[in-house]
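S.K.: Dropping the sequence and predicted coords here.
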Amino acid sequence: MTISRRQFTLRSLALLAASFRDAHSERLQARVLFVDGINNHDWQAATHAITQILTATGLFSVDVSTTPPRGATIAAWNSWRPDFSGYDVVINNFNGGHAAIFQADLRDELEVARLVTDVSRAFGPVDILVVNAGPQPFYSIEEQTWENYLRQLEFFVKSPLLLLKQVLPAMKKQRFGRIIQVRSEVFELGNPRFANYVAA
């Protein structure tokens, strides 16, 4: 039997609604937030069609939050603040915006200052800083040197500090900002040959 993409989506949502009812029997409908605004297809029609499909089941109550249009000011984006916590499901119908690649040595204070300046000129002040991955060389204890430890500390401790000091003034000025430090499970697992990385 061939199942269309629409049938598959509806069945998936029905299963989601059933799971929701099991966990929240006091409520009859799952609360859905549909985020749209910029896309490379007819997002207005897609939002309308999917919202109709969902509400017709009687299992979902749907709200739509439309982002500012392409080319909107930073102030317009700052005023768009949907409360995602008030919903059981968030459906994304947005793939707009712009991306660019910026390169810098994050261990160098002048390089980091230039990086944040370049990013701010291209996109406006940094609202969210995510500190994530870095180099992870493998060394046994016999192979370890103090220089190996220092290189890890310089990247994983110094570079976040340099980035933070560059983005914090703009965040304080606009009274909004988020800094997210992603940690590694290696710290808890105790993987071999990772002593310098775990120390940092």
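M.R.: Alright, I've got the coordinates. Numbering: from 1, shown residues only.
S.K.: contacting residues around Leu168?
M.R.: By Cβ atoms under 8 Å, 6 or more residues apart in numbering, the contact list for Leu168 reads Gly177. In this view, the C-beta of every residue, glycine as well, is placed from N, C-alpha and C.
S.K.: Quick check: it is in a helix.
M.R.: Yes - counting by DSSP: H, G, I helix; E, B strand; the rest coil, Leu168 is part of a helix.
S.K.: how near is it to Ala45?
M.R.: 43 Å (Cβ to Cβ, to the nearest Å).
S.K.: now Leu59
M.R.: To Ala45, Leu59 is 22 Å away according to Cβ to Cβ.
S.K.: Of the two, give the one with the bigger neighbour count.
M.R.: Counted by other Cβ atoms under 10 Å, Leu59 and Ala45 do not tie: Leu59 has more neighbours, with 18 against 9.
S.K.: so that one touches Arg31, yeah?
M.R.: No - Leu59 lies out of contact with Arg31 (Cβ atoms under 8 Å); the separation is 11.0 Å.
S.K.: Phe194 reaches Val186, doesn't it?
M.R.: Yes - Phe194 lies in contact with Val186 (Cβ under 8 Å); the separation is 5.4 Å.
S.K.: Those two: which has the busier surroundings?
M.R.: It is Phe194, of Phe194 and Val186, that has more neighbours when counted by other Cβ under 10 Å, with 18 against 12.
S.K.: Cheers, nothing more for now.
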